[in-house]
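Colleague: how would this look folded up:
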Amino acid sequence: MELGQLVFFVAAAESGSFSKTAAEHYVSHSTVSRSVSALEQELGTALFERGNRSLRLTPAGEKLLPRAKELLRLAEELRSVL
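Modeller: Numbers count the residues shown, from 1 in each chain. All right, here's what the predicted structure looks like:
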């Protein structure tokens, strides 16, 4: 699990869109999609229900979201401390 994967996961969960996440982070849609898919594969569970132009968190995604935000907050805190 990489911090970048969590960044894309949180952004996609908040925006409800891989395309919006890609635009916000100046990367391609496929970069976001591959990153989230790799995270799902590593965790062994789907994090999003993918529909026509919509994303919704699965129960596993809902459990991960607050923890991912906390990990990203702690990583940022660590950067500022050092």
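Colleague: residue ranges of the strands in the protein, please?
Modeller: Along the chain, counting by DSSP state E, strands occupy 48-51, 54-57.
Colleague: and the gap between the residue lying closest to residue 38 once chain neighbours are set aside and residue 45?
Modeller: Take residue 38 and drop its neighbours on the chain: the residue closest to it by Cβ to Cβ, 6 or more residues apart in numbering is residue 5, 6.4 Å away. All C-beta atoms are positioned from the backbone trio N, CA, C, and that covers glycine. Taking Cβ to Cβ, to the nearest Å as the measure, residue 5 and residue 45 are separated by 14 Å.
Colleague: would you mark the buried spots in the longest helix along the chain?
Modeller: Looking across the chain with DSSP state H, the single longest helix is helix 59-81. Residues of helix 59-81 classed as buried: 61, 64, 65, 68 (neighbour count, 16 or more other Cβ atoms under 10 Å).
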